[in-house]
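[1] Mind looking at a prediction? Sequence and model below.
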Amino acid sequence: MKKITASVLALMCLFGCNESPEKQNASLNFDPTEIETDPLVVENLEKFQDKKFGFFVHWGVYSQWGAVASWPLIKNFEDTREVGPAFAERDHDFDRYFEDYYNLNKTFNPQKFDPEQWANAAKSAGMKYFIMVTKHHDGFCLFDTKQTDFSTTGEDCPFHTNKEANITKVLFDAFRDKGISVGTYFSKPDWSNKDYWAPEFPITDHSVNYDPREYPEKWNNFKEFTYKQIQELMTEYGPIDILWLDGAQVLPVANQDIDMDRIAKMARKNQPGLIVVDRLAGGRHENYMSPEGLHHLPEKPLPKPWELCMSLGEGWSHRINDKFKSSNEIIDILIEVVAKGGNLLLDVGPPASGEIPEAALQSMEKIGGWLKVNGEGIYETRSFDYFKENEQIYYTRSKDGNTIYALCLDWPGNSLELTKVIPNTGSTIQLLGSDQDLEWTYENELLTIETPDKLRNSLNQDLQQAYVFQIEGSPAKTLEAIKVKSVNMPQEDTYLFDDKYIFSLESSTPAAKIYYTLDGTEPSEKSKVYTEPITIDESTTIKAFAQQQGYADSPKLSKDVIKVKKPVQVSLEYKWNNVGGNLSTDVLVDFNRGSIDYSSGDWLGFEGNDFNTTLDLGTETSIHKISVGFLKNVFESVFVPDSVNFHISNDGKHYELAGTVKHQISPFAMEVYVKDYVLDSINHTARYLKIEGINIKTCPHPHFNSGGKAWLYVDEIIIE
């Protein structure tokens with residue numbers, strides 16, 4: 001039966017438990033009881049949140065090839081080797097590529113490297129802190145480590161005789177001289193280290209290639225190596241603000257305990273108040289969260305300090321003929337990130353020669369020009385009660401709460417209309433970059449600011465990338481979102497039904513008027529007004545909003561309510577074997593979607609076995625879409641299937657394959673979510689369905705239960 005470890009992380013689903021994993025990020029899960037309480041760290045986290053904009057640099061031996069950093073060294077990551085010409089030049093021979101990659105230290109000799117240029121570029125961009133990749137997963141060190149010769153100061157590297165060979169030190173000195181605080185990115189895994197990728201074992205993935213439980217001496221050697229390298233960085237490079245650790249597979253639950261308690265204690269002894277970011281790991285050593293890339297930009301403010309890391313170019317490291325994002329694009333992203341309470345860490349990958357590319361410098365300088373005038377609405381701000389008005393207008397507030405900033409991605413036209421702000425009586429409103437007091441009115445909970453074209457035309461071109469209005473005022477009262485509640489289903493928050501669905505629309509403000517539509521159109525004051533429970537008998541999209549005098553309108557609700565076909569009988573080839581109260585096959589079709597809590601009683605669990613079920617609909621029925629949900633919780637050896645097969649039949653004996661759904665999901669990603677396997681556009685008539693979810697059978701190395709049986713947890717089959 002299932003093993004449960006005491007070290008399992010308590011995780012929290014911030015964006016809704018049934019969101020797709022593309023909208024989630026492991027670092028967005030955390031245990032709120034493990035927020036840092038060290039007063040110096042708390043103080044530094046406040047200062048970190050003041051800075052808002054940081055500079056990130058990926059630079060190493062891979063820059064000589066214009067290649068992806070480190071990841072091409074994993075054999076089954078074929079696509080990463082297609083970046084840059086090196087793989088094709090080696091006739092697509094992986095072994096040659098691997099060997100030559102690990103000889104690139106012998107040609108790394110950046111003659112145009114100038115720490116002052118890097119620091120000046122960050123200063124001109126308005127960046128307030130700097131994170132340097134001192135060592136990526138390949139193990140090449142850009143600092144003077146005594147633990148390995150695979151570094152810029154190692155004798156095999158021609159750059160080792162240069163006065164600036166200790167790249168990390170000269171960069172940190174240059175940035176601190178410009179008033180920019182510094183942090184060190186450090187990869188916990190090190191693929192060059194024989195005690196991580198042991199030469200006597202095959203390399204199958206990005207993780208350690210042996211079981212540390214079977215070779216504790218080897219693992220302890222690696223732990224000590226890692227500790228000493230971090231100790232060097234914490235003792236020989238001046239004041240360090242952030243220790244930014246990457247490589248989330250190095251975790252106790254993955255049987256790779258690097259002893260973060262010991263590392264953090266040593267680091268803070270040498271760097272009091274140090275912010276530690278054991279990213280994607282959760283727990284008390286992840287002082288702030290670090291979602292990666294625009295696809296993981298949170299949808300709303302997070303309950304913990306956070307930072308979006310993303311690249312100015314096409315990848316983290318240098319690309320041949322790289323294309324850099326415009327200053328306008330970065331400013332828009334910065335505004336959205338800051339409005340949601342985060343920082344933006346913007347990466348540039350210099351070429352092997354060592355200089356920041358001219359195109360990147362131009363973009364950075366334009367960002368800095370905008371920030372010189374508009375930084376008041378960015379730096380040292382905090383999230384406003386409402387982080388945005390619409391898709392073009394975001395809000396921040398001063399730390400004392402007296403000043404509100406409306407940040408507009410586009411010029412609002414002749415007037416700017418805001419519903420989230422109540423201006424102070426007799427106060428002045430200005431556009432940053434102009435000393436003109438703007439005319440404004442506040443009537444019927446609507447703030448209207450006059451913005452004539454001549455005001456916009458008075459600004460220089462850099463300032464016209466986005467517009468920041470300074471308002472003295474307070475947050476408007478806004479109605480809370482409407483809730484849809486089922487009247488006739490077993491659970492009021494169920495949005496699946498098989499006959500009729502009777503629902504109510506409820507506002508937390510009883511006197512509010514609710515406008516709604518059922519045809520997919522956007523509701524307005526001309527739409528129907530909700531007065532009593534509504535009955536529907538077809539799949540419907542409910543859209544609604546609430547309105548009341550003295551309040552801003554509620555957010556608009558959009559909820560899909562789906563009519564499904566409930567089978568008369570559900571049978572299983574393999575019996576479920578998780579422990580839960582009153583479990584039966586009805587769990588699979590009870591209109592109640594399972595949460596991310598595997599022990600909730602909403603899931604049928606299968607240890608080591610496939611999930612094979614047959615459903616009898618009672619009569620031949622037209623079928624258009626089938627969906628089945630699986631839980632992923634690698635901390636509990638619960639994995640989603642490699643694939644799911646859907647079969648249909650009219651007689652229950654002869655089945656034909658209707659389709660197969662596969663998802664390329666790594667079993668090593670430390671994430672917890674619900675994933676739906678959906679087969680749509682079927683358009684067949686059938687009485688019987690058969691669904692086969694293929695278990696990965698054995699918990700893969702290096703998970704804590706590696707070698708044991710992997711689980712499938714299944715809930716809610718939806719047939720439309």
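    Sure thing, it's come through. What you see is a predicted model; the values in this text were computed from it and never measured.

[2] Low-confidence bits of this structure, can you list those?
    1-34, 580-581, 668, 670 (pLDDT under 70).

[3] what's the helix ranked longest in it in contact with?
    Assignment by DSSP state H gives helix 216-235 as the longest helix of the chain. The contact list for helix 216-235 (Cβ atoms under 8 Å, 6 or more residues apart in numbering) reads 134-135, 141, 143-148, 168, 184, 186, 188, 190, 193, 195-196, 198, 208, 210, 212, 240, 243, 256-259, 262-263, 266-267, 270-271, 274. In short, each C-beta sits where N, CA and C put it, glycine included.

[4] do that again at 6 Å, thanks
    Contact with helix 216-235 is made by 145, 147, 184, 195-196, 212, 258-259, 263, 266-267, 270-271, as judged by Cβ atoms under 6 Å, 6 or more residues apart in numbering.

[5] In PyMOL, how would I select just the buried ones from the residues you listed?
    Here is the PyMOL selection string for the buried members of the contacts of helix 216-235, based on 16 or more other Cβ atoms under 10 Å:
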select buried, resi 145+147+184+195+196+212+258+263+266+267+271
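
[6] Based on its surroundings, how many neighbours for Pro115?
    Using other Cβ atoms under 10 Å, the number of residues around Pro115 comes to 18.

[7] Dihedrals phi and psi, it?
    Backbone torsions for Pro115, taken as degrees, to the nearest 10, come to phi -60, psi -30.

[8] Surely Ala544 is in a strand?
    Yes - membership of Ala544 in a strand is supported by DSSP: H, G, I helix; E, B strand; the rest coil.

[9] That one: neighbour count?
    For Ala544, using other Cβ under 10 Å, the count is 24.

[10] How about it, nearest residue that isn't a chain neighbour?
    Tyr516 (3.8 Å; Cβ to Cβ, 6 or more residues apart in numbering).

[11] My guess is the one you found contacts Ala546. True?
    No - using Cβ atoms under 6 Å, Tyr516 is not in contact with Ala546; the gap is 9.8 Å.

[12] Those two - which one has more neighbours?
    Ala546 (27 against 19).

[13] give the contact list for the more buried one.
    With Cβ under 6 Å, 6+ apart, Ala546 has these contacts: Leu479, Ile482, Ser507, Ala512, Ile514, Ser554.

[14] So which of those are in helices?
    Going by DSSP H, the helices hold none of the contacts of Ala546.

[15] Helix, strand or coil: sort out the residue nearest to Ala544 for me.
    strand.

[16] any idea how far Ser508 is from it?
    For Tyr516, the distance to Ser508 (Cβ to Cβ, to the nearest Å) stands at 17 Å.

[17] Which two of the contacts of helix 216-235 have the greatest separation?
    Pro212 and Gln271 (28.3 Å; Cβ to Cβ).

[18] how about the strands of the stretch 201-350 of the chain, start to end?
    242-246, 275-278, 307-311, 343-348 (DSSP state E, counting those that start in this stretch).

[19] Tell me where the chain has helices.
    39-51, 86-89, 94-101, 115-124, 167-177, 216-235, 260-270, 327-339, 358-374, 453-457.

[20] Looking at those helices, spot the one closest to Thr396.
    helix 327-339 (5.7 Å).

[21] So which other helices or strands are in contact with that closest one?
    Identification of packing neighbours for helix 327-339 by 3 or more Cβ pairs under 6 Å, 6 or more residues apart in numbering; DSSP states H and E yields helix 358-374, strand 393-398.

[22] what about 7 Å?
    strand 343-348, helix 358-374, strand 381-390, strand 393-398 (3 or more Cβ pairs under 7 Å, 6 or more residues apart in numbering; DSSP states H and E).

[23] Is it possible to get CSV of those that adds distance to Tyr442?
    What follows is those, written out as CSV (distance: least, Cβ to Cβ, whole Å):
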stretch, distance to Tyr442
strand 343-348, 33
helix 358-374, 24
strand 381-390, 15
strand 393-398, 16
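
[24] Let's have the ones you listed in a markdown table, adding distance to Lys228 and mean neighbour count.
    Below are those laid out as a markdown table (distance: least, Cβ to Cβ, whole Å; neighbours: other Cβ atoms under 10 Å):
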| stretch | distance to Lys228 | mean neighbour count |
| --- | --- | --- |
| strand 343-348 | 27 | 24 |
| helix 358-374 | 35 | 19 |
| strand 381-390 | 39 | 18 |
| strand 393-398 | 43 | 23 |
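
[25] For the closest residue to Gly473 other than its chain neighbours, give its distance to Asp195.
    Among residues not flanking Gly473 along the chain, Pro423 sits closest, at 4.2 Å (Cβ to Cβ, 6+ apart). Distance, Pro423 to Asp195, by Cβ to Cβ: 63 Å.

[26] now swap in Pro667 and tell me
    According to Cβ to Cβ, Pro667 and Asp195 sit 24 Å apart.

[27] got it, and Lys304?
    34 Å.

[28] So what sits opposite Glu607 in the bridge?
    Taking DSSP bridges as the rule, Glu607 bridges to Trp711.

[29] is it true that it touches Trp711?
    Yes - using Cβ atoms under 7 Å, Glu607 is in contact with Trp711, at 5.5 Å.

[30] Show me which of those two is the more surrounded one.
    Neighbour count, other Cβ under 10 Å: between Glu607 and Trp711, Trp711 has more, with 26 against 18.

[31] and the more buried one, what does it touch?
    Applying Cβ atoms under 7 Å, 6 or more residues apart in numbering, we find Trp711 in contact with Lys2, Gly605, Phe606, Glu607, Ser637, Val638.

[32] Which residue is the nearest non-sequential neighbour of the third one?
    The reference is to Phe606. Leu712 is the one closest to Phe606 (Cβ to Cβ, 6+ apart), at 4.5 Å.

[33] Tally up the residues packed near that neighbour, please.
    Around Leu712 there are 26 residues (other Cβ under 10 Å).

[34] how much space between it and Lys632?
    From Leu712 to Lys632 the distance is 10 Å (Cβ to Cβ).

[35] and what of Lys697?
    In terms of Cβ to Cβ, Lys697 sits 16 Å off from Lys632.

[36] Then Asn374?
    Asn374 is 42 Å from Lys632, by Cβ to Cβ.

[37] now swap in Tyr395 and tell me
    Taken as Cβ to Cβ, the span from Tyr395 to Lys632 is 35 Å.

[38] Repeat that for Glu46.
    35 Å.

[39] Extract the CA atoms of the longest strand along the chain and return them as CSV.
    In the chain, taking DSSP state E as the definition, the longest strand is strand 611-623. Output in CSV follows, covering the C-alpha atoms of strand 611-623 (Å, rounded to 0.1, in the frame of the first residue of the first chain):
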residue,chain,number,x,y,z
PHE,A,611,-7.0,2.3,-14.7
ASN,A,612,-9.4,0.3,-16.9
THR,A,613,-13.1,1.1,-16.7
THR,A,614,-16.2,0.2,-18.7
LEU,A,615,-19.2,2.4,-18.7
ASP,A,616,-22.7,1.4,-19.8
LEU,A,617,-24.9,4.4,-20.8
GLY,A,618,-28.0,2.2,-20.9
THR,A,619,-28.9,3.1,-24.5
GLU,A,620,-27.1,4.0,-27.6
THR,A,621,-26.3,7.7,-27.2
SER,A,622,-24.7,10.4,-29.3
ILE,A,623,-21.2,11.1,-27.9
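
[40] Pull out the buried residues from it.
    Phe611, Asn612, Thr613, Thr614, Leu615, Leu617, Ile623.
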